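Enquirer: got a predicted model here, sequence first, then my questions.
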Amino acid sequence: MATLEQRIQAIEDRHALQDLAATYFVAIDDLANADDILACFTQDAVFDMSAIGYPAFAGIDALREFFTGVVNGLEYSAHYGSNFKIDSLEQDRASVRIHAVGMGLPHGGERSKVYVQYHLTYQRIDGQWKISAIRGTPLMTGD
Amino acid sequence: MATLEQRIQAIEDRHALQDLAATYFVAIDDLANADDILACFTQDAVFDMSAIGYPAFAGIDALREFFTGVVNGLEYSAHYGSNFKIDSLEQDRASVRIHAVGMGLPHGGERSKVYVQYHLTYQRIDGQWKISAIRGTPLMTGD
Amino acid sequence: MATLEQRIQAIEDRHALQDLAATYFVAIDDLANADDILACFTQDAVFDMSAIGYPAFAGIDALREFFTGVVNGLEYSAHYGSNFKIDSLEQDRASVRIHAVGMGLPHGGERSKVYVQYHLTYQRIDGQWKISAIRGTPLMTGD
């Protein structure tokens, strides 16, 4: 039987996971700097969008290079995350799926649009939740 | 004056309702099997999408037939639920509205897209929240 | 160190802010009456959509005039709010960003669609959270 404190902690954990996803999407769409985006991730984080036609790589240096390119290369970015579904939530690990529409407009280019299911893996490190992996799979084709 | 335990319970109930909606949307879009979808519903659940041009029926057998057809008939399915609005939350009943974009691509067919307001009714049965009715009304026309 | 009661209160506050945003979007899209929309706002609320090509004004009378026009002028309205990000949450003030797709179809007219980041400011007045300002900035161009 969980104590009141444990039940509150589980609720706060859930919200922390949700906030981290929202912070990530908003930080990308701000296109302000890579640091705000990178602060969401663990040092060894995996980013894998190969299933939706984008790159895959791992480690904070590779993420920094990629997101610096995003911040510098886009005129507009828009992410709409919905259906936050917790698949597992343990002491220091969690797994979540989010359905998102992602759009990007490169400087002088054409807008792209993807309908994606994000698979997020979280780790709590030194009491702080971070995203340790984000993978995208396609939910729908077309614009 | 509500006790701390009652306040925590109300928060957990809210999250259970939200999780059930997310589980339903993700289970449809997985297109894996009808069982994961059906597990969200009561035995006598009402499914009524007549206002948006889709079927209406009731009872778990009718839902099974319908969702088996969905799982087998679609190549891609995508649902984006947002604006989770609790209209009422009582001891064992609740009523919620969700704004969703729903898309489906039949095998060898053309993509459909609906802008819908879902009206969900929930019942708690043996301590477990389930969806007892889901109705759709149109929010917008066009693609 | 926060007490259990304070932690529960913070969770309830978060949910109140989220509910108010959902209530606002659903009330607009109902197109039923301006009162349900206005009930979300403080008397001196600021509404500023100038950055996305819509009007800006302040005060409940100006909001009433605007939303009465919306309710009477639209055949369909659809708002999809996502990425609820709390930028600050103090005792009686809060600041939140939401990414939304907003659509409107005027009677006999053509559908408009905007990809917007809403910046919401909240105030707690007499124990009740209200929206004191809502500003929109563009997230993406096109349809």
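Expert: Nice, thanks for sending it over. Numbering: from 1, shown residues only, chains lettered A, B, ... in the order given.

Enquirer: chain C contacts on chain A?
Expert: Proximity of chain A to chain C (Cβ under 8 Å from any Cβ of the partner chain) is limited to residues A:4-5, A:8, A:11-12, A:15, A:18-19, A:21-23, A:25-26, A:29, A:76-82, A:103, A:105, A:111. Placement of C-beta: from N, CA and C, glycine included.

Enquirer: which of those residues are buried? Put it as a PyMOL command.
Expert: Buried subset of the residues of chain A next to chain C, written as a PyMOL selection, criterion 16 or more other Cβ atoms under 10 Å in any protein chain shown:
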select buried, chain A and resi 8+11+15+18+19+21+22+23+25+26+29+76+77+78+79+80+81+82+103+105+111
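
Enquirer: state the distance from the closest residue in space to A:L89 that isn't next to it in sequence to C:Q18.
Expert: Closest residue in space to A:L89, ignoring its immediate chain neighbours: A:D13 at 6.4 Å, by Cβ to Cβ, 6 or more residues apart in numbering or on different chains. Note on A:D13: its distance to C:Q18, by Cβ to Cβ, to the nearest Å, is 17 Å.

Enquirer: repeat for A:T141
Expert: As for A:T141, its distance to C:Q18 is 32 Å (criterion: Cβ to Cβ).

Enquirer: what do you get for A:N83?
Expert: On the measure of Cβ to Cβ, A:N83 and C:Q18 end up 15 Å apart.

Enquirer: again, but for A:L38
Expert: Going from A:L38 to C:Q18 by Cβ to Cβ gives 27 Å.

Enquirer: can you pull the poorly scored residue ranges out of chain A?
Expert: Along chain A, segments meeting pLDDT under 70 are nowhere present.

Enquirer: where do the helices sit along it?
Expert: A:4-30, A:34-38, A:60-73 (DSSP state H).

Enquirer: nearest to B:N33, out of those?
Expert: The minimum distance between B:N33 and the helices of chain A falls on helix A:4-30, with 26.7 Å, by Cβ to Cβ.

Enquirer: check the offset of the closest one from the chain's centre.
Expert: 12 Å (Cα atoms, centre = their mean, to the nearest Å).

Enquirer: likewise for stretch A:52-60?
Expert: Distance of stretch A:52-60 from its chain centroid, counting by Cα atoms, centre = their mean, is 12 Å.

Enquirer: now stretch A:81-97
Expert: Here stretch A:81-97 is found 12 Å from its chain centre; the criterion is Cα atoms, centre = their mean.

Enquirer: what sits up against it?
Expert: A:10, A:13-14, A:17-18, A:21-22, A:25, A:98-100, A:117-125, A:129, B:18-19, B:21-23, B:25-26, B:79-82, C:80, C:82-83 (Cβ atoms under 8 Å, 6 or more residues apart in numbering or on different chains).

Enquirer: near A:S112, how many other residues are there?
Expert: For A:S112, the count of nearby residues is 14 (other Cβ atoms under 10 Å in any protein chain shown).

Enquirer: show me what contacts it?
Expert: A:103-105.

Enquirer: show me what from chain A comes close to chain B.
Expert: A:4, A:7-8, A:11, A:14, A:80, A:82-86, A:97, A:99-101, A:115, A:117, A:138-142.

Enquirer: strands - which of those land there?
Expert: With strands taken from DSSP state E, the overlap with the residues of chain A next to chain B comprises A:80, A:82-86, A:97, A:99-101, A:115, A:117, A:138-140.

Enquirer: state the pair within those residues that is farthest apart.
Expert: So, those by Cβ to Cβ: farthest apart are A:I86 and A:M140, at 22.9 Å.

Enquirer: ok, the two, which is more surrounded?
Expert: Neighbours per residue, other Cβ under 10 Å: of A:I86 and A:M140, the larger number sits with A:M140, 25 against 19.

Enquirer: so what's the more buried one bridging to?
Expert: With DSSP bridges as the criterion, A:M140 is bridged to A:Y115.

Enquirer: correct me if wrong: it contacts A:G102.
Expert: No. Taking contacts as Cβ atoms under 8 Å, A:M140 lies outside contact range of A:G102: 11.9 Å.

Enquirer: what separation is there between A:I11 and C:F25?
Expert: Taking Cβ to Cβ, one finds A:I11 at 24 Å from C:F25.

Enquirer: hang on, the earlier thing: report the contact partners of the residue nearest to A:L89.
Expert: Residues in contact with A:D13, defined by Cβ under 8 Å, 6+ apart, are A:89, A:94, A:129.

Enquirer: again, but for A:F67
Expert: Neighbouring residues of A:F67 by Cβ under 8 Å, 6+ apart: A:28, A:34, A:37-38.

Enquirer: so how far is chain C from it?
Expert: A:F67 is 17 Å from chain C, where distance means Cβ to the nearest Cβ, to the nearest Å.

Enquirer: so A:L20 touches A:Q128, yeah?
Expert: No. If you go by Cβ under 8 Å, A:L20 and A:Q128 don't touch, sitting 9.6 Å apart.
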